[in-house]
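J.: Dropping a prediction and its sequence here:
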Amino acid sequence: MRDQVDQLATITVLGVLEQAYFALQVIYARRKYKISPPETTGHPEFERIFRAQANCSEYFPIFISLLWIAGIFFHQGVTVACGLLYLYTRLKYFQGYAVAAQGRLGPMYASALLLWLLLGLAMAGLLAHFLQPLSST
Amino acid sequence: MRDQVDQLATITVLGVLEQAYFALQVIYARRKYKISPPETTGHPEFERIFRAQANCSEYFPIFISLLWIAGIFFHQGVTVACGLLYLYTRLKYFQGYAVAAQGRLGPMYASALLLWLLLGLAMAGLLAHFLQPLSST
Amino acid sequence: MRDQVDQLATITVLGVLEQAYFALQVIYARRKYKISPPETTGHPEFERIFRAQANCSEYFPIFISLLWIAGIFFHQGVTVACGLLYLYTRLKYFQGYAVAAQGRLGPMYASALLLWLLLGLAMAGLLAHFLQPLSST
């Protein structure tokens, strides 16, 4: 079982590390602008960093779900390549959003495209799996 | 391994598609009421749609966790039926909440009931699994 | 397959129960302070409870991801012990935050430490897995 998911698990761990990096940036921004929890507003830069982190957190379980289904039912290597690109676009999204709201747009579209691609791979893999018994008879 | 989880993976992909639909509705509402990120307030309808999406996103990993554990340890077919109903109640919740805060209540209770049902199936499946070695000796 | 993940599944179900408890506390706080959805502000205690729940929800998929990878690639029993401790620190975090913002700090550091530990176990497990073919030749 492990060989079929070892690369997916590695990308998942990388994704967790990225989320940890985002969470730390929110903590640094809280200190910089003296915005204590439970406050979530107070300075435009903090609000952008806070929203960037919230958005990445929201998409994390969706990304992980598609990654594992595409990796198990389509192809682990192809999926992992898409996963790496997705994590890179999320980093660019976060860094762009931290500077200006407009800075998030390019990487946001790229990350959405990669999620749709992973969704397509997952659906193709599932379709091939469900049609297999029919074609083998 | 794939045969034991293929239907769970299909429901998960459906759940991701539903989340994508919710995310698009937030984007449309942002455009309609000219509420640019990182803003999350500004018009009651936008705020309801934003909260509806946030709530569905929050419950997504909980739903997926219970779906897979109930499906693997209890029964895939029964679990998938509950999962489909859950996704339907979440759609009704989102659409009801978009119209009025009261409109979310009925589907919210139904979705909570289905989560408790999935939790019950998961616990029953795990219990049966852990008791199996005792009864076979 | 089930024997390799049965304890991880049990901890996951416990984690879901904990999230259900947190969600109920938010509902009770909404009633107590008469703060109706989609409102998320209005009273300091409600805002702390709301943020505590939001924070725990945000970390739930990260915790589950690390739990399963550490459990599958490192060791199920050790991982489950860390998982139990993590859920306990999260309970203390929530209860502390509900009383005062300062009350969340101790358990927050403890929960972060346990997540880094799970991350370390996951990475150690993956490393051992990937190096195995080299050492066996």
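T.: Nice, thanks for sending it over.
J.: Would you mind measuring from the residue lying closest to A:Arg104 once chain neighbours are set aside to chain C?
T.: Of all residues not flanking A:Arg104 in the chain, A:Tyr97 sits nearest, at 3.8 Å (C-beta to C-beta, 6 or more residues apart in numbering or on different chains). Any C-beta I mention is one placed from the backbone N, CA and C, and that applies to glycine too. From A:Tyr97 over to chain C the distance is 17 Å, taken as C-beta to the nearest C-beta, to the nearest Å.
J.: tell me the contacts of A:Tyr97?
T.: A:Tyr97 is in contact with A:48-49, A:51-52, A:103-104, B:38, counting by C-beta atoms under 8 Å, 6 or more residues apart in numbering or on different chains.
J.: Where does it sit, in terms of helix or strand?
T.: Taking DSSP states H and E as the definition, one finds A:Tyr97 inside helix A:76-99.
J.: Just the buried residues of that helix, please?
T.: For helix A:76-99, the neighbour count (16 or more other C-beta atoms under 10 Å in any protein chain shown) marks A:76, A:79-80, A:82-87, A:89-94, A:96-98 as buried.
J.: tally of neighbours for the residue in chain A that chain C sits nearest to?
T.: Here chain A gets closest to chain C at one residue, A:Pro38, 3.7 Å apart by C-beta to the nearest C-beta. Other residues within reach of A:Pro38, judged by other C-beta atoms under 10 Å in any protein chain shown, total 20.
J.: Just say helix, strand or coil for A:Lys34.
T.: Following DSSP: H, G, I helix; E, B strand; the rest coil, we place A:Lys34 in the coil state.
J.: Chain B versus that one, what's the distance?
T.: Counting by C-beta to the nearest C-beta, the gap from A:Lys34 to chain B is 19 Å.
J.: next one: A:Leu84
T.: 20 Å.
J.: need the contact list for that residue.
T.: Going by C-beta under 8 Å, 6+ apart, A:Leu84 touches A:11, A:14.
J.: ok, now with 10 Å
T.: A:7, A:10-11, A:14-15, A:114 (C-beta atoms under 10 Å, 6 or more residues apart in numbering or on different chains).
J.: Then A:Pro107?
T.: So A:Pro107 contacts A:88-97 (C-beta under 10 Å, 6+ apart).
J.: between those, which is closest to chain B?
T.: Checking the contacts of A:Pro107 against chain B with C-beta to the nearest C-beta, the nearest one is A:Tyr97 at 7.9 Å.
J.: Please could you give me each C-alpha atom of stretch A:12-23, formatted as CSV?
T.: Provided in CSV are the C-alpha atoms of stretch A:12-23 (Å, rounded to 0.1, in the frame of the first residue of the first chain):
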residue,chain,number,x,y,z
THR,A,12,1.0,16.4,1.6
VAL,A,13,3.8,16.9,4.1
LEU,A,14,5.2,19.7,1.9
GLY,A,15,1.7,21.3,1.8
VAL,A,16,1.5,21.2,5.6
LEU,A,17,4.9,22.9,5.8
GLU,A,18,3.6,25.6,3.5
GLN,A,19,0.5,26.1,5.7
ALA,A,20,2.8,26.4,8.7
TYR,A,21,4.8,29.1,6.9
PHE,A,22,1.5,31.0,6.1
ALA,A,23,0.4,30.7,9.8
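J.: Just give me how far it sits from the chain centre.
T.: Computed by C-alpha atoms, centre = their mean, to the nearest Å, the chain-centroid distance of stretch A:12-23 equals 9 Å.
J.: With stretch A:118-137 instead?
T.: 24 Å.
J.: Give me the mean pLDDT for that stretch.
T.: Model confidence over stretch A:118-137, given as mean pLDDT, is 87.
J.: List the buried residues in the worst-scoring helix or strand of chain A on mean pLDDT.
T.: In chain A, no helix or strand scores lower on mean pLDDT, DSSP states H and E than helix A:105-136, which sits at a mean of 93. Residues of helix A:105-136 classed as buried by neighbour count (16+ other C-beta under 10 Å): A:107-108, A:110-112, A:114-115, A:117-119, A:121-123, A:125-126, A:129.
J.: do the same with stretch A:19-33
T.: A:19, A:22-23, A:25-26, A:29-30.
J.: and chain A, which residues reach chain C?
T.: Residues of chain A lying near chain C by C-beta under 10 Å from any C-beta of the partner chain: A:1-3, A:5-10, A:12-13, A:15-17, A:19-20, A:23, A:36-41, A:53-54, A:57-58, A:60-65, A:68.
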